[in-house]
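**Q** can't give you the sequence, but here's the structure:
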DNA sequence: CCTAAAACATGACTTTCGTCATGTTTTAAT
DNA sequence: ATTAAAACATGACGAAAGTCATGTTTTAGG
């Protein structure tokens, strides 16, 4: 729906980049000098909310890391329905999978959830690194295996659970991955509309609104979009039940 | 539900094993002598329909290849509902993902769909091979990336499509992966009950029965369990729409 | 601060799908 | 061949969730 304004700018990442990269599992196992070489192959790009980092179906040329902000990975149908596969946070890798194929296409569209900064490495440099560092390849295998587990778990949830259970599972997961403990609850630090949640749990916006109204009434959550708070994560876990 | 009778027998695979293994993408790139060494590290086990190859949650010690027959990978809930993640066919790898972790647990239960023969390699030998062969590691990355794409596609289908569309997509996929062209249609060569299909599309058996009755009436498919035939794959594709 | 757009909310109604009950057909084992 | 179990089939009914309409609140930009 949103046009790709692409008001993005590109530059070399400064030395200060290191702090984020050290948290990337793939790089943390490399030797100091290998790391230096890798970092020189990274370019940094900033995107705004309306930009798209790449679109589903486009050829996959780079391997990406989120430096700042959050990114969502989305699949959509011809008739405009959307399904959000995952929200990526700082330090998360993405597209190291598709990049492994010659001529592979992006399986989804990468869309910033606000202002973001993305580090990219070209496919060839990425391949080169994997061949030189068997340990790095094993890190990538672990990463992909984790992603696969997540996707399989989500499959099970979508196949077997009711909408309220799926939403509860989402809130529990987001809380665990990114929640900030505050007086009165666990706050989700990103802007997250009912529509966003609906796309993540395979339901309509109205259904999510109704369920969240119930959750609010039952003191499981409070707040909206910018300030969503999880009040009772234990009862949410019970509802999601796994 | 079914008890693990485990009437399985174990033996060394003969040289005749080679033909199946050559079709395994992971091995096809190895040098002749590397392959010989790998093959010596494989053990073959046969299982019957009632056996389980491994259970969800068990520690993952081996990496597996289907030699003969078909295997399904299943997740289940405490209350007995099941969700089939994938059907594996001869030449398919499984659990090369979980095996990559120390102490990782199986994400699902592996259940034979009849008499099957499975080749296994111990985690340590598998790791060793990956470290010695960067190209093999890249093959595994490609394999996992493919599995991830499949799981993400399935996610989208489960999140956005109706039961009849999900079933149509399943039939199209199975037809493409294993269908045998015969006079009058594309035959699916495995025994596949309505219950099996229900577990693969996230629906109940009754729903699948009703939808298949409609598909039969509309001449899209014919036959049952043992002899399921796809009569009009194009209309099924249109219905599944992607 | 003001205003338009986006997000949130709720009701009424419909469709889809699950559940339960019951009966028939097919399959597989003795 | 017989027979018990599994698979297939169909109807009736209700619960879950989608759709559409309408109105309120919140948010973001000028």
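**A** Yes, it's here. Bear in mind that the values here come from a model prediction, so they are computed numbers and not experimental data.
**Q** contacts, neighbours, all on C-alpha from now
**A** Noted.
**Q** Closest to the centroid, which residue in chain A?
**A** residue A:88 (1.8 Å; Cα atoms, centre = their mean).
**Q** ok, the residue nearest to residue A:148 when sequence neighbours are not counted - contacts?
**A** Closest residue to residue A:148 apart from its sequence neighbours, by Cα to Cα, 6 or more residues apart in numbering or on different chains: residue B:148 at 5.2 Å. Each residue near residue B:148 by Cα atoms under 8 Å, 6 or more residues apart in numbering or on different chains is listed here: A:144, A:147-148, A:151.
**Q** do the same with residue A:120
**A** A:42-45, A:62-65.
**Q** for these, which one is nearest DNA strand C?
**A** Comparing the contacts of residue A:120 against DNA strand C with Cα to the nearest atom of the strand places residue A:45 closest, at 23.9 Å.
**Q** thought that closest one was touching residue A:112?
**A** No: contact criterion Cα atoms under 8 Å: residue A:45 and residue A:112 do not qualify, at 11.9 Å.
**Q** Just want to know which of the two has more residues nearby.
**A** Between residue A:45 and residue A:112, counted using other Cα atoms under 10 Å in any protein chain shown, the more crowded position is residue A:112 (24 against 18).
**Q** Can you tell me who the more buried one pairs with across the strands?
**A** residue A:71 (DSSP bridges).
**Q** which ones are touching it?
**A** Residues near residue A:112 by Cα under 8 Å, 6+ apart: A:47-53, A:69-72.
**Q** Now which of the residues you listed would you call buried?
**A** Taking 16 or more other Cα atoms under 10 Å in any protein chain shown as the criterion, what is buried in those is A:47-53, A:69-72.
**Q** Which residue ranges of chain A form strands?
**A** A:9-11, A:42-47, A:62-68, A:71-76, A:82-88, A:93-94, A:109-112, A:116-122, A:180-182, A:185-188, A:221-222, A:228-230 (DSSP state E).
**Q** Including mean pLDDT and distance to residue A:241, could these go into JSON lines?
**A** Converted to JSON lines, the strands of chain A look like this (pLDDT from 0 to 100; distance: least, Cα to Cα, whole Å):
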{"stretch": "strand A:9-11", "mean pLDDT": "47", "distance to residue A:241": "45"}
{"stretch": "strand A:42-47", "mean pLDDT": "93", "distance to residue A:241": "38"}
{"stretch": "strand A:62-68", "mean pLDDT": "91", "distance to residue A:241": "31"}
{"stretch": "strand A:71-76", "mean pLDDT": "94", "distance to residue A:241": "26"}
{"stretch": "strand A:82-88", "mean pLDDT": "96", "distance to residue A:241": "21"}
{"stretch": "strand A:93-94", "mean pLDDT": "86", "distance to residue A:241": "29"}
{"stretch": "strand A:109-112", "mean pLDDT": "94", "distance to residue A:241": "30"}
{"stretch": "strand A:116-122", "mean pLDDT": "92", "distance to residue A:241": "34"}
{"stretch": "strand A:180-182", "mean pLDDT": "93", "distance to residue A:241": "23"}
{"stretch": "strand A:185-188", "mean pLDDT": "94", "distance to residue A:241": "19"}
{"stretch": "strand A:221-222", "mean pLDDT": "95", "distance to residue A:241": "17"}
{"stretch": "strand A:228-230", "mean pLDDT": "95", "distance to residue A:241": "17"}
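**Q** Can you tell me which of the ones you listed is most buried?
**A** Mean neighbour count, computed with mean count of other Cα atoms under 10 Å in any protein chain shown, is highest for strand A:228-230 among those, reaching a mean of 25.
**Q** and the residue nearest to residue A:221 when sequence neighbours are not counted, bridged to which residues?
**A** Closest residue to residue A:221 apart from its sequence neighbours, by Cα to Cα, 6+ apart: residue A:230 at 4.5 Å. With DSSP bridges as the criterion, residue A:230 is bridged to residue A:186, residue A:221.
**Q** For residue A:87, give me its contacts.
**A** Per Cα under 8 Å, 6+ apart, neighbours of residue A:87: A:70-73.
**Q** what would these look like in CSV with distance to DNA strand C?
**A** Converted to CSV, the contacts of residue A:87 look like this (distance: Cα to the nearest atom of the strand, whole Å):
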residue, distance to DNA strand C
A:70, 15
A:71, 15
A:72, 14
A:73, 17
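**Q** Closest one of those to DNA strand D?
**A** For the contacts of residue A:87, the nearest to DNA strand D is residue A:70 (14.7 Å; Cα to the nearest atom of the strand).
**Q** which residues touch that closest one?
**A** A:87-90, A:112-114, A:116 are the contacts of residue A:70 under Cα under 8 Å, 6+ apart.
**Q** please redo it, this time with the cut-off set to 6 Å
**A** With contact taken as Cα atoms under 6 Å, 6 or more residues apart in numbering or on different chains, residue A:70 is in contact with A:88-89, A:113.
**Q** low pLDDT regions in chain A?
**A** A:1-19, A:96, A:98-103, A:242 (pLDDT under 70).
**Q** same thing but at 80, please
**A** Counting by pLDDT under 80, the ranges of chain A that qualify are A:1-20, A:22-23, A:25, A:95-103, A:242.
**Q** So in it, which helix runs the longest?
**A** The longest helix of chain A (DSSP state H) is helix A:134-160.
**Q** Now for residue A:56, how many residues are close by?
**A** There are 16 residues near residue A:56, going by other Cα under 10 Å.
**Q** for it, what are its contacts?
**A** A:106-109.
**Q** Using JSON lines, lay out the residues you listed together with distance to DNA strand D.
**A** Below are the contacts of residue A:56 laid out as JSON lines (distance: Cα to the nearest atom of the strand, whole Å):
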{"residue": "A:106", "distance to DNA strand D": "26"}
{"residue": "A:107", "distance to DNA strand D": "23"}
{"residue": "A:108", "distance to DNA strand D": "21"}
{"residue": "A:109", "distance to DNA strand D": "21"}
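**Q** Now distance to residue A:161 too, for these, in CSV please.
**A** What follows is the contacts of residue A:56, written out as CSV (distance: Cα to Cα, whole Å):
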residue, distance to residue A:161
A:106, 29
A:107, 25
A:108, 24
A:109, 26
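**Q** same for chain B: which of those residues are within range?
**A** Among the contacts of residue A:56, not one lies near chain B by Cα under 6 Å from any Cα of the partner chain.
**Q** Nearest residue to residue A:107 in space, please, no chain neighbours.
**A** residue A:56 (5.4 Å).
**Q** any idea how far residue A:44 is from that neighbour?
**A** Residue A:56 is 21 Å from residue A:44, where distance means Cα to Cα, to the nearest Å.
**Q** Check the contact between residue A:71 and residue A:115; I expect there is one.
**A** No: when contacts are counted by Cα atoms under 6 Å, residue A:71 is not listed as touching residue A:115 (9.3 Å).
**Q** Can you pull the residues of chain A lying near DNA strand C?
**A** Counting by Cα under 7 Å from any atom of the strand, chain A comes close to DNA strand C at A:192-195, A:206, A:209-210, A:212-213, A:224-225.
**Q** Output these as a markdown table; include the columns neighbour count.
**A** Below are those laid out as a markdown table (neighbours: other Cα atoms under 10 Å in any protein chain shown):
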| residue | neighbour count |
| --- | --- |
| A:192 | 15 |
| A:193 | 16 |
| A:194 | 18 |
| A:195 | 17 |
| A:206 | 12 |
| A:209 | 16 |
| A:210 | 13 |
| A:212 | 21 |
| A:213 | 15 |
| A:224 | 13 |
| A:225 | 16 |
